[in-house]
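> Sequence first, predicted coordinates after that:
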Amino acid sequence: MQFGLKRALLFSVAGYLMAWASEFSSIHNGFPYGLYYYIERTRGMELWASGVPFMDSLSYVFLAYASYSTALLAVSPLLLSDGGLYLLDTARLRHGGVTRLLAAVLFVYLDIIIDAVALRGDRWFLGLIYGYPDGGAYFGIPISNFIGWFVTGFFMIWAFQGIDRALWKRRARDIAGYAYGWRFWPGPVLYLAVLLFNLSVTFYIGEYNIGWAGVFITLLPLVLIYAVGRSRLSDVSARAIEEHMRDFPEARVKAPQTAS
């Protein structure tokens with residue numbers, strides 16, 4: 001809905017392969033996340049791909065999408081018009097290095113919350129599926145894991161930007177919901193839902209130290225994104241609307257009379 005069917009399918013394949021390669025390398029060589037292992041007894045319970053659970057690598061794809069969408073929300077002007085909230089993104093913002101960097105950082109923030117509770121999956125319905133042989137400094141997780149997530153997320157999002165840019169230059173027609181102002185909401189909502197779900201599970205299993213650490217870690221970026229969004233919403237310019245419409249002529253955006 002947000003980026004188009006072709007882009008979604010191409011990134012699903014490319015993102016999965018990149019995520020799988022990073023995990024395959026790490027369980028054998030310790031790069032880029034540090035050395036970890038998947039528990040063999042789960043092999044018969046789900047699809048595995050050469051020692052890596054299929055759904056685990058696939059989850060990187062939608063987490064990267066959620067992070068990228070949230071980053072794009074943070075860097076793009078917003079317009080409130082006819083009761084709808086529109087994201088005035090442009091090709092420049094979509095493909096920019098700042099968007100990529102912010103998305104990679106947000107990607108790491110998801111793992112900071114997810115990994116700590118997933119490592120204790122035997123205490124909730126996930127089940128114990130992996131572990132770190134030498135433990136780690138952050139509630140049993142090595143710091144190298146977060147560095148690896150940043151590197152992997154950075155290149156996955158770069159790959160998506162490359163796919164988008166290539167289709168853009170070819171003027172490839174795609175199916176996307178440009179006509180709907182709410183098309184950019186699924187990604188940020190998914191990002192927030194993943195955070196809230198994992199934090200809720202953390203408190204539910206009684207890991208209050210991990211839970212409160214996660215709350216305070218994520219509070220600042222979420223408040224900043226909200227504050228930046230409010231600022232952009234109240235100071236949208238006619239030029240921002242024009243640039244958006246130039247890149248996305250399919251969008252049904254009507255400039256308010258107060259725009260200048």
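Sure, I can see it.

> Arg100: what secondary structure?
helix (DSSP: H, G, I helix; E, B strand; the rest coil).

> For it, which non-adjacent residue is spatially closest?
Excluding the flanking residues, the one nearest Arg100 by C-beta to C-beta, 6 or more residues apart in numbering is Ile157, at 5.2 Å. (Glycine included, C-beta is placed from N, CA and C.)

> Regarding the residue nearest the centre of the chain, which helix or strand does it belong to?
Nearest to the geometric centre of the chain sits Ser67, at 2.2 Å (C-alpha atoms, centre = their mean). Per DSSP states H and E: Ser67 is located in helix 54-75.

> Asp164 now?
Applying DSSP H and E, one finds Asp164 within helix 143-169.

> ok and the helix holding Ser67 relative to helix 143-169, angle-wise?
70 degrees (axes from the mean of the first three to the mean of the last three C-alpha atoms, to 10 degrees).

> ok, then the element right after helix 54-75?
strand 78-81.

> just checking, what packs against that following strand?
Under the contact criterion of 3 or more C-beta pairs under 8 Å, 6 or more residues apart in numbering; DSSP states H and E, strand 78-81 touches strand 84-87, helix 208-234.

> what is the rounded mean pLDDT of the shortest one?
Along strand 84-87, the predicted local confidence has a mean pLDDT of 80.

> Buried ones in that strand, by neighbour count?
86-87 (16 or more other C-beta atoms under 10 Å).

> from the chain's centre, how far out does it sit?
Relative to the centre of its chain, strand 84-87 is centred 20 Å away, using C-alpha atoms, centre = their mean, to the nearest Å.

> which residues touch it?
72-73, 76, 78-80, 181-184, 233, 244, 251, 253 (C-beta atoms under 8 Å, 6 or more residues apart in numbering).

> repeat that for 6 Å
Strand 84-87 is contacted from outside by 76, 79, 181, 184, 253, using C-beta atoms under 6 Å, 6 or more residues apart in numbering.

> Now the buried members of those residues.
In these, the ones that pass as buried (16+ other C-beta under 10 Å) are 76, 79, 181, 184, 253.

> just to revisit the earlier point, output the contacting helices and strands for the helix or strand just after the helix holding Asp164.
As assigned by DSSP H and E, the chain's next helix or strand after helix 143-169 is helix 186-204. Counting contacts by 3 or more C-beta pairs under 6 Å, 6 or more residues apart in numbering; DSSP states H and E, helix 186-204 is packed against helix 54-75, helix 97-118, helix 208-234.

> Dump the first one to PDB, restricted to CA.
Extracted C-alpha coordinates of helix 54-75, given in PDB (Å, rounded to 0.1, in the frame of the first residue of the first chain):
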ATOM      1  CA  PHE A  54      12.900 -19.300   7.900                       C
ATOM      2  CA  MET A  55      10.500 -17.000   9.800                       C
ATOM      3  CA  ASP A  56      13.300 -15.500  11.800                       C
ATOM      4  CA  SER A  57      15.100 -14.100   8.800                       C
ATOM      5  CA  LEU A  58      11.800 -13.100   7.200                       C
ATOM      6  CA  SER A  59      10.900 -11.100  10.300                       C
ATOM      7  CA  TYR A  60      13.900  -8.800   9.500                       C
ATOM      8  CA  VAL A  61      12.000  -7.700   6.300                       C
ATOM      9  CA  PHE A  62       8.900  -6.300   8.000                       C
ATOM     10  CA  LEU A  63      11.000  -4.900  10.900                       C
ATOM     11  CA  ALA A  64      13.200  -3.100   8.400                       C
ATOM     12  CA  TYR A  65      10.000  -1.800   6.600                       C
ATOM     13  CA  ALA A  66       8.600  -0.600   9.900                       C
ATOM     14  CA  SER A  67      11.800   1.200  10.800                       C
ATOM     15  CA  TYR A  68      12.200   2.800   7.400                       C
ATOM     16  CA  SER A  69       8.600   4.000   7.300                       C
ATOM     17  CA  THR A  70       9.000   5.500  10.800                       C
ATOM     18  CA  ALA A  71      12.200   7.200   9.700                       C
ATOM     19  CA  LEU A  72      10.500   8.600   6.600                       C
ATOM     20  CA  LEU A  73       7.700   9.900   8.800                       C
ATOM     21  CA  ALA A  74      10.200  11.700  11.000                       C
ATOM     22  CA  VAL A  75      12.000  13.400   8.100                       C
END
